[in-house]
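Colleague: Next one to model:
(one chain, ligands or ions: 2)
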Amino acid sequence: MKITVIGTGYVGLVSGVCFSDLGNHVTCVDNNPAKLDILKQHKVPFYEPGLEERLVRSAVAGRLTFTDSIDAAIQDSEIIFSAVGTPQTADGSADLTAVYAVAHAVCKAYKELGCNTHKVYVNKSTVPVGTGDIIAGIRDDYGLTQDQLSILSNPEFLREGTAVYDFYHPDRIVLGSSCEKALSKCSELYDPLYRSDTPIVKTTLKTAELSKYASNAFLATKISFINEMSNLCELTGSDVKDLAKIMGMDGRIGRYFLHPGPGYGGSCFPKDTQAIIHTADQLGYDLKVVKAVEAVNERQKLHIMTHLTAVFSSLQGKTIALLGLAFKPNTDDTRDASALVIIDALLAAGATVRAFDPEVPYLPEIKSDQVMYATDSYDAVTGADAVLLVTEWNMFRELDLTRLKSEMKQPYFFDLRNVYAPEKLEQAGFTAYVIGRQLIETTIAADT
Ligand code: NAD
Ligand code: UGA
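Modeller: Ligands and ions are numbered 1, 2, ... in the order given. I've put the predicted structure just below:
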């Protein structure tokens with residue numbers, strides 16, 4: 001099949017590359033010239049495991065091309081995906097500027113090119129319920145009909161860092177439209193995944209749109225819930241790792257997304273929880289659970305500061321090392337990363353920060369000469385009073401703890417991701433905090 005994907009971010013590029021890998025002919029469109037330059041050299045402009053080799057394979061085989069021209073891209077395409085960003089605005093709502101700009105550009109091109117075949121306009125971006133109907137209205141305003149351009153919602157559920165795997169092994173594919181022809185054309189495109197047992201759920205446009213926010217809000221709820229339980233474990237001397245295991249063994253609860261940490265970050269959960277709250281507010285409905293989920297998440301990002309200030313009566317002049325800056329492992333994405341909030345708090349308390357992340361060389365968001373970027377984990381902890389393990393990259397799972405400790409001024413290890421057993425850190429000579437499992441005895445004087 002010939003398809004177009006507009007927007008070459010995590011969602012658009014992964015979809016474009018993987019659809020072409022399945023044998024389709026894909027044209028990827030972006031309006032960012034710098035990004036296009038990189039793509040045309042067959043390179044991926046961000047870190048996503050497994051993507052570049054597939055991009056090269058399809059591009060070399062002539063099934064994948066890149067352009068800035070929507071007109072050229074859509075002329076022969078049967079399906080046109082829009083996968084542009086929907087960032088958060090100041091009031092929490094989703095910014096749909098790019099979504100509508102693309103809708104206008106596609107309708108205009110369809111009309112001006114004199115296209116006379118049926119095409120499906122698929123929205124893959126995360127958009128508020130009702131957006132598809134507005135796009136259908138834009139289409140109508142151009143004098144086009146559903147028989148020419150039908151509108152379908154196909155929300156994307158991939159995760160950064162495992163995006164390629166998730167594309168080939170989704171839990172479900174959701175297709176929402178009132179047009180049977182559109183539903184069947186998109187089912188055909190997804191047939192290779194359907195044949196390998198992926199369920200396809202066909203529903204209305206609105207339900208498909210809302211299902212994306214509902215899913216993200218529910219996953220965020222699980223995280224905030226376990227973070228609160230973790231805090232309760234700390235207060236009661238219980239063990240969150242065992243607690244989550246016990247809870248997760250109940251099939252009704254499920255074991256995924258029960259890992260405590262420094263709060264969820266990234267380009268999706270924070271903005272999507274805000275957006276669904278905004279949608280409900282607009283309708284006069286108070287979405288109490290999701291509001292609480294957000295409030296817990298904001299508090300959780302700074303939870304570690306309570307422990308740090310309990311151990312060090314003052315952080316003034318202290319050097320704190322951070323291992324991990326990305327919002328999760330296997331990505332270089334730092335959008336809404338908890339590390340940003342923690343670093344700001346450390347700097348405000350007078351500390352100096354030394355940081356290392358294997359894929360984030362520095363944080364342009366932090367404007368301070370009090371943050372030093374290290375070349376590896378051991379360099380990061382040199383002269384540090386404490387080390388915080390913030391992102392659970394695999395390379396932080398088997399650190400040479402004896403060497404790490406020997407580089408530090410004081411042996412304080414704060415594991416915010418439950419990577420190490422408390423005993424293992426203690427055997428290496430650390431005084432250790434492990435989230436939800438072990439606190440540091442605060443009578444120890446740490447202000448040397
Ligand atoms: P992104 O910001 O990484 O990429 C968006 C791309 O669209 C950019 O390359 C940008 O240059 C391009 N673009 C913007 N306006 C354009 C225009 N008018 N014409 C052509 N190109 C244009 O975004 P993303 O992370 O890929 O997310 C896209 C959407 O998918 C969002 O709604 C997001 O919520 C949703 N989503 C993201 C993920 C994820 O893991 N990142 C997962 C599922 C869903
Ligand atoms: C998330 C969803 O998992 C995807 O299904 C969805 O498509 C995507 O958002 C989106 O809509 O963009 P992503 O943000 O890439 O994917 O990453 P996750 O693995 O979900 O992690 C999000 C945040 O939650 C990270 O900061 C992570 O550290 C945190 N998290 C996750 C926890 O703190 N505990 C957990 O148990 C799981």
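
Colleague: hey, let's count contacts and neighbours off CA atoms from now on
Modeller: OK.

Colleague: Quick one: the strands in the stretch 51-200 of the chain, in order.
Modeller: Remark: strands assigned in the stretch 51-200 of the chain by DSSP state E, counting those that start in this stretch are 64-67, 79-82, 119-123, 149-153, 173-176, 200-203.

Colleague: Just tell me which of those ends up closest to residue 411.
Modeller: Smallest distance to residue 411 across these (CA to CA): 48.7 Å, for strand 173-176.

Colleague: list the helices and strands the closest one packs on?
Modeller: strand 149-153, helix 180-189, strand 200-203, helix 205-236 (3 or more CA pairs under 8 Å, 6 or more residues apart in numbering; DSSP states H and E).

Colleague: and residue 317, which of the strands of the stretch 51-200 of the chain is closest to it?
Modeller: Residue 317 lies closest, by CA to CA, to one member of the strands of the stretch 51-200 of the chain: strand 79-82, at 49.5 Å.

Colleague: on that earlier part again, can I get the strands of the stretch 51-200 of the chain in JSON lines with distance to residue 58?
Modeller: Converted to JSON lines, the strands of the stretch 51-200 of the chain look like this (distance: least, CA to CA, whole Å):
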{"stretch": "strand 64-67", "distance to residue 58": "6"}
{"stretch": "strand 79-82", "distance to residue 58": "18"}
{"stretch": "strand 119-123", "distance to residue 58": "22"}
{"stretch": "strand 149-153", "distance to residue 58": "26"}
{"stretch": "strand 173-176", "distance to residue 58": "23"}
{"stretch": "strand 200-203", "distance to residue 58": "26"}
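
Colleague: Need those in CSV (columns: mean neighbour count).
Modeller: As requested, the strands of the stretch 51-200 of the chain are exported to CSV (neighbours: other CA atoms under 10 Å):
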stretch, mean neighbour count
strand 64-67, 22
strand 79-82, 26
strand 119-123, 26
strand 149-153, 27
strand 173-176, 24
strand 200-203, 16
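
Colleague: For these, give me CSV that also has mean pLDDT and distance to residue 286.
Modeller: Listed next are these as CSV, based on pLDDT from 0 to 100; distance: least, CA to CA, whole Å:
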stretch, mean pLDDT, distance to residue 286
strand 64-67, 98, 44
strand 79-82, 98, 31
strand 119-123, 98, 27
strand 149-153, 98, 26
strand 173-176, 98, 26
strand 200-203, 98, 26
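
Colleague: and ligand 1, which of these is closest to it?
Modeller: When these are compared by CA to the nearest ligand atom, strand 79-82 sits nearest ligand 1, at 8.4 Å.

Colleague: Parallel or antiparallel, list what pairs with the closest one.
Modeller: Strand pairing for strand 79-82, using DSSP bridges, gives strand 2-6 (parallel), strand 119-123 (parallel).

Colleague: can it be found next to ligand 1?
Modeller: No. Shown here: strand 79-82 not in contact with ligand 1 (CA under 6 Å from any ligand atom), separated by at least 8.4 Å.

Colleague: what's that strand in contact with?
Modeller: Strand 79-82 has contacts (CA atoms under 8 Å, 6 or more residues apart in numbering) with 2-7, 12, 74, 99, 102, 119-125, 186.

Colleague: Could you do stretch 258-269 as well?
Modeller: Contacts with stretch 258-269, where a contact means CA under 8 Å, 6+ apart, come from 87, 216-217, 220, 222-224, 226-227, 230, 240-241, 244, 248, 270, 297-298, 300-304, 327-328, 333-338, 390, 416-418, 435-436.
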